[in-house]
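>>> Using only what follows, build the 3D model:
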Amino acid sequence: MDYTCCTLCPRMCKADRTASSGYCGCPDHILAARAALPHWEEPCISGTSNDQGGSGAVFFSGCTLRCCFCQNHTISSGRFGTPLTAGQLGETFLRLQEQGAYNINLVTATQYVPDILKALDLVRHKLTIPVVYNCGGYERIETLKKLDGYVDIYLPDLKYCDSGISARYSNASDYFAFAAPAVEEMVRQTGELIWDEPHKLLKKGTIIRHMVLPGCRTDSIRLLHWIKDTLPDGHYLISLLSQYTPVFHSEKHPEINRRITSFEYQKVVDAAIELGLTNGYMQEKSSAKEEYTPSFQLEGLEAFIRHD
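Residues are numbered from 1 along each chain as shown. The predicted structure follows:
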């Protein structure tokens, strides 16, 4: 598994990333844009705003999807970031742990898995906190299997069931064909949920996120049925997000160039409750605001910025 004929993600572009970028837009080395301790993840990941800690989130540049509503488009499509070696990334993990991080949160890391494994190999004997793999769900099982034993918590954003919707908004008609078995593999790896009870933090398990999109509540409910019918109880949490904000290229699609209504979100929540999917998180409608969009100014990576 390397970058010379890249098949890390479902795009299978086979690019020689030592010579040019792949579909993800990434070279053969890590680009990262932020390493800090936010509190905006689920409480079992980042604690609460009253806590001194937080999730040790490392945001990686580039992406294998093309979501027209991406809140992190500055780094996902703009590829803003600073180069890091595997050693520097490992140092970043340890520094976040020293700062009180509850976990190491790898945000959109698929395109750098070979180097991330190297970084973890360098420091895992010093890490005492869980490793979180925070992704868009569009993964190859072959790549996920390389992460088995390294990742403690999977945090996939399961976006779509319908291939037409995923093609229109993320340029991935095969999204669910890959995401469904990927989530099953994540749940297989992590097994039953394990908690750090005194702190109400998750130590091992899978959290399946889903952000409800305008006009797409039927697709959201189809995903909930798939989760209920496919995955074993007690092995996952669900997190239904209402924070959709029309940004980036949302204006090209008038039907999603708005925030979701309370009615739309509540219908999805009601469906989850009817299915018994109550182990997890619902989000206040007021959460649809820009505070969930981080500022990418290389915070936490200043020591590695190159000035040549």
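>>> other SSEs contacting the helix with the most length in the chain?
In terms of residue count, the longest helix belonging to the chain (DSSP state H) is helix 175-190. Packing contacts for helix 175-190, counted by 3 or more Cβ pairs under 8 Å, 6 or more residues apart in numbering; DSSP states H and E, involve helix 141-147, strand 153-156, helix 163-170, strand 201-211, helix 217-230. All C-beta spots, glycine's among them, are computed from the backbone N, C-alpha and C.
>>> among these, which is nearest L37?
Evaluated over the helices and strands packed on helix 175-190, closeness to L37 peaks at strand 201-211, with 13.5 Å, by Cβ to Cβ.
>>> Measure how the closest one sits relative to helix 217-230, angle-wise.
Interaxial angle of strand 201-211 relative to helix 217-230 (axes from the mean of the first three to the mean of the last three Cα atoms, to 10 degrees): 140 degrees.
>>> So what's the gap between strand 201-211 and the chain middle?
Its chain's C-alpha centre and that of strand 201-211 lie 10 Å apart, by Cα atoms, centre = their mean, to the nearest Å.
>>> what about this protein, any weak spots by pLDDT?
Scanning the chain for pLDDT under 70 picks out 49, 51, 285-293, 307-308.
>>> Helices of that one, residue ranges please.
With DSSP H as the criterion, the chain has helices at 43-46, 73-76, 86-98, 113-123, 141-147, 163-170, 175-190, 217-230, 262-274.
>>> Distance to C24 and mean neighbour count added to those, as JSON lines?
Compiled in JSON lines, the helices of the chain are given as follows (distance: least, Cβ to Cβ, whole Å; neighbours: other Cβ atoms under 10 Å):
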{"stretch": "helix 43-46", "distance to C24": "25", "mean neighbour count": "22"}
{"stretch": "helix 73-76", "distance to C24": "9", "mean neighbour count": "21"}
{"stretch": "helix 86-98", "distance to C24": "17", "mean neighbour count": "19"}
{"stretch": "helix 113-123", "distance to C24": "11", "mean neighbour count": "19"}
{"stretch": "helix 141-147", "distance to C24": "13", "mean neighbour count": "17"}
{"stretch": "helix 163-170", "distance to C24": "13", "mean neighbour count": "18"}
{"stretch": "helix 175-190", "distance to C24": "15", "mean neighbour count": "21"}
{"stretch": "helix 217-230", "distance to C24": "25", "mean neighbour count": "17"}
{"stretch": "helix 262-274", "distance to C24": "30", "mean neighbour count": "16"}
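>>> Kindly reformat those helices as JSON lines containing distance to L106.
JSON lines is the format used below for the helices of the chain (distance: least, Cβ to Cβ, whole Å):
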{"stretch": "helix 43-46", "distance to L106": "12"}
{"stretch": "helix 73-76", "distance to L106": "14"}
{"stretch": "helix 86-98", "distance to L106": "9"}
{"stretch": "helix 113-123", "distance to L106": "6"}
{"stretch": "helix 141-147", "distance to L106": "9"}
{"stretch": "helix 163-170", "distance to L106": "20"}
{"stretch": "helix 175-190", "distance to L106": "13"}
{"stretch": "helix 217-230", "distance to L106": "23"}
{"stretch": "helix 262-274", "distance to L106": "27"}
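>>> Nearest to A36, out of those?
Evaluated over these, closeness to A36 peaks at helix 86-98, with 8.0 Å, by Cβ to Cβ.
>>> The closest one to helix 113-123, inter-axis angle?
Using the same axes, to 10 degrees, helix 86-98 lies at 60 degrees relative to helix 113-123.
>>> I would like the residues contacting helix 86-98, please.
Applying Cβ atoms under 8 Å, 6 or more residues apart in numbering, the external contacts of helix 86-98 come out as 30, 32, 35, 37, 56, 58, 84, 104, 115-116, 118-120, 122-123, 126-129, 300-301, 304.
>>> Quick one: the strands in the stretch 1-150 of the chain, in order.
30-36, 54-60, 82-84, 101-107, 131-135 (DSSP state E, counting those that start in this stretch).
>>> Out of these, flag the one nearest R66.
Closest among the strands of the stretch 1-150 of the chain, using Cβ to Cβ: strand 131-135, at 15.1 Å.
>>> what angle separates the closest one from helix 113-123?
Strand 131-135 and helix 113-123 are oriented at 170 degrees to each other (the same axes, to 10 degrees).
>>> sorry, back to before: can you redo the strands of the stretch 1-150 of the chain as a markdown table with mean neighbour count and distance to H225?
Supplementary listing: those in a markdown table, determined by neighbours: other Cβ atoms under 10 Å; distance: least, Cβ to Cβ, whole Å:
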| stretch | mean neighbour count | distance to H225 |
| --- | --- | --- |
| strand 30-36 | 24 | 36 |
| strand 54-60 | 27 | 30 |
| strand 82-84 | 19 | 41 |
| strand 101-107 | 26 | 28 |
| strand 131-135 | 24 | 22 |
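>>> which one of those strands lies closest to Y236?
strand 131-135 (14.0 Å).
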